[in-house]
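S.K.: Any chance you could fold what I've pasted below:
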Amino acid sequence: MSIPPIPKPAPDGELLDAALRPKNWSDYVGQEKIKENIKVILTAAKQRGHSPDHLLLYGNSGLGKTTLANLVALEMGKKIRITTGPAIERAGDLAAILTNLQEGDVLFLDEIHRIHKTVEEYIYPAMEEYKLNLILGKGPMARTMELKLPRFTLIGATTRPGLLSAPLRNRFGATFQLNFYKQEDIQKIVERSAKILNVQINPDAVAIIAKRSRFTPRVANRLLKRTRDFAQVQGLNVITKEITEHALDSLEVDQQGLEPGDIKILRALIEKFDGGPVGLQSLAAAAMEEEDTILDIYEPYLMQCGFLERTPKGRVASKLAYDHLGIKYNKQSNLI
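M.R.: Have a look, this model is predicted:
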C-alpha cells in the first residue's frame, strides 16, 4: 500500500502576516480619527443601501492602508479584490478586473500613483458612472463598446499622493492621510501580536521593540518575529529584555530604530557634503541608493526623528544626527 506524501506546510511568513492583520475595528490600534470618519461613511452608505464613496489612503508603507481596505470590505459584508497600479498595463486588464466584481465589492488598488496614464482615462467613467467605454479595432473600422459595471468601491493607496493627477485625485469621495504611530499604540500592537504568535514577552522587551519599530506596525511585527526566532534558538520560553536587545543589535537596528541604510545616508550627508545642504540626486549617488528609495523609505523616518531636514537648497543633517553618530557638530557647516 502506497503511503500518501506529507503535505508541505504553507509559507510561515504568509500565514503570520495574515494572522497578525486585524480582523475588526477594535483590533485596529491607532489612526482613531480616520477610523471614526470611515465608520461614519460606511454607516451612512449602509443606511442608504448604496456602496460607499471611493476612498484614497496615503502615507508611508506599513501604516495599515491594506488593513483598512480589508476592514471596509468586512464592515460592508462584501468581497475585496486586491491589485496594484503597475499590474494594470492595458484597458483590457482593467476591464477583466472590473467586470468580475460583484455588486458592492471593494477594489483595493495599491500604488495607484504608478498606474499607466492610458489606463487612467478608463477609470474616470468607471468611478463616476460605473461603466467602461472600450475602443475596439483601429482606424475607420474602430468602434466604441460600453460595458456596464456593478456599483463598487475603489480604495486607492499610495505613498506619493503628489504623483496622482488632479482629475483622478478629485474623483475620490474622501482622502485620508495615515500618520506614524505613537509608541504606546505600537506597544499595544506588539502585545496583541505576541498573543497571536503564542509567545510570552516581558513588558521591557515590548517597550524596546516599540521604540525601535520606526513608529510603524509592520516593522514592529517584523522585529517581534525575528526576536522570537532568537529566543527559540536559545531555548528560551520568554522573550526577555536581554534577548530582545541582543536580537535587534544582531539585526543592526539601533536604539532609535535606524538601520544600516539610514546610517549610510546620514554619514554620506555629513562626511561627503559637510552636513548639507545637498540635492536628492547627489545624496542618492553618494549613498548608492535609488532616489525613490530615499524618498519613500528612509527620509520620512529620518525627518520624523529630527535627523534630517528639507530646505529650499536641499537636505541638511541636524545636530541630533551628528550627536547620534558621535560626530562633532560644526555649527558653521549647517548655515544656509
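S.K.: how distant is stretch 65-74 from the center of its chain?
M.R.: 13 Å (C-alpha atoms, centre = their mean, to the nearest Å).
S.K.: Go ahead and flag the most central residue of the chain.
M.R.: S61 (2.1 Å; C-alpha atoms, centre = their mean).
S.K.: does it count as helix, strand or coil?
M.R.: coil (DSSP: H, G, I helix; E, B strand; the rest coil).
S.K.: For it, give me its contacts.
M.R.: By C-beta atoms under 8 Å, 6 or more residues apart in numbering, the contact list for S61 reads 159, 216, 218, 296-297. Backbone N, C-alpha and C define where each C-beta goes, glycine included.
S.K.: Out of those, which end up buried?
M.R.: 159, 216, 218, 297 (16 or more other C-beta atoms under 10 Å).
S.K.: Just give the nearest non-adjacent residue to the third one, would you?
M.R.: Looking back up the chat, that one is R218. G62 (3.1 Å; C-beta to C-beta, 6 or more residues apart in numbering).
S.K.: Just give me the neighbour total for the one you found.
M.R.: By the criterion of other C-beta atoms under 10 Å, G62 has 22 neighbours.
S.K.: T227 - nearest residue in space that isn't next to it in sequence?
M.R.: Counting by C-beta to C-beta, 6+ apart, the residue nearest T227 is A247, at 4.4 Å.
S.K.: Give me the distance between the one you found and L197.
M.R.: 15 Å (C-beta to C-beta, to the nearest Å).
S.K.: Looking at those two now, which is surrounded by more residues?
M.R.: Remark: of A247 and L197, A247 carries more neighbours, 24 against 16, as counted by other C-beta under 10 Å.
S.K.: so the more buried one is in which element?
M.R.: According to DSSP states H and E, A247 maps onto helix 241-250.
S.K.: now for that helix, which elements pack on it?
M.R.: helix 203-211, helix 217-233 (3 or more C-beta pairs under 8 Å, 6 or more residues apart in numbering; DSSP states H and E).
S.K.: go again using 10 Å as the cut-off
M.R.: Secondary-structure packing of helix 241-250 (3 or more C-beta pairs under 10 Å, 6 or more residues apart in numbering; DSSP states H and E): strand 200-201, helix 203-211, helix 217-233.
S.K.: Looking at the ones you listed, which is nearest to Y122?
M.R.: helix 217-233 (32.0 Å; C-beta to C-beta).
S.K.: between that closest one and helix 203-211, how many degrees?
M.R.: Taking axes from the mean of the first three to the mean of the last three C-alpha atoms, to 10 degrees, one finds that helix 217-233 is oriented at 140 degrees with respect to helix 203-211.
S.K.: Now do helix 217-233, average pLDDT.
M.R.: Across helix 217-233, pLDDT averages out at 90.
S.K.: That one: which residues count as buried?
M.R.: Those buried within helix 217-233 under the rule 16+ other C-beta under 10 Å are 217-228, 230-231.
S.K.: Can you tell me which helices and strands that helix packs against?
M.R.: Checked by 3+ C-beta pairs under 10 Å, 6+ apart, helix 217-233 has helix 12-20, helix 65-76, helix 183-196, strand 200-201, helix 203-211, strand 238-239, helix 241-250 packed alongside it.
S.K.: Now with 6 Å, please.
M.R.: helix 183-196, helix 241-250 (3 or more C-beta pairs under 6 Å, 6 or more residues apart in numbering; DSSP states H and E).
S.K.: Would you format these as CSV with mean pLDDT and distance to K264 included?
M.R.: Formatted as CSV, those follow (pLDDT from 0 to 100; distance: least, C-beta to C-beta, whole Å):
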stretch, mean pLDDT, distance to K264
helix 183-196, 90, 25
helix 241-250, 89, 18
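S.K.: And the spatially closest residue to N202 that is not a sequence neighbour, what's its pLDDT?
M.R.: Spatial nearest neighbour of N202, excluding adjacent residues (C-beta to C-beta, 6+ apart): T240 at 5.4 Å. We have a pLDDT of 87 for T240.
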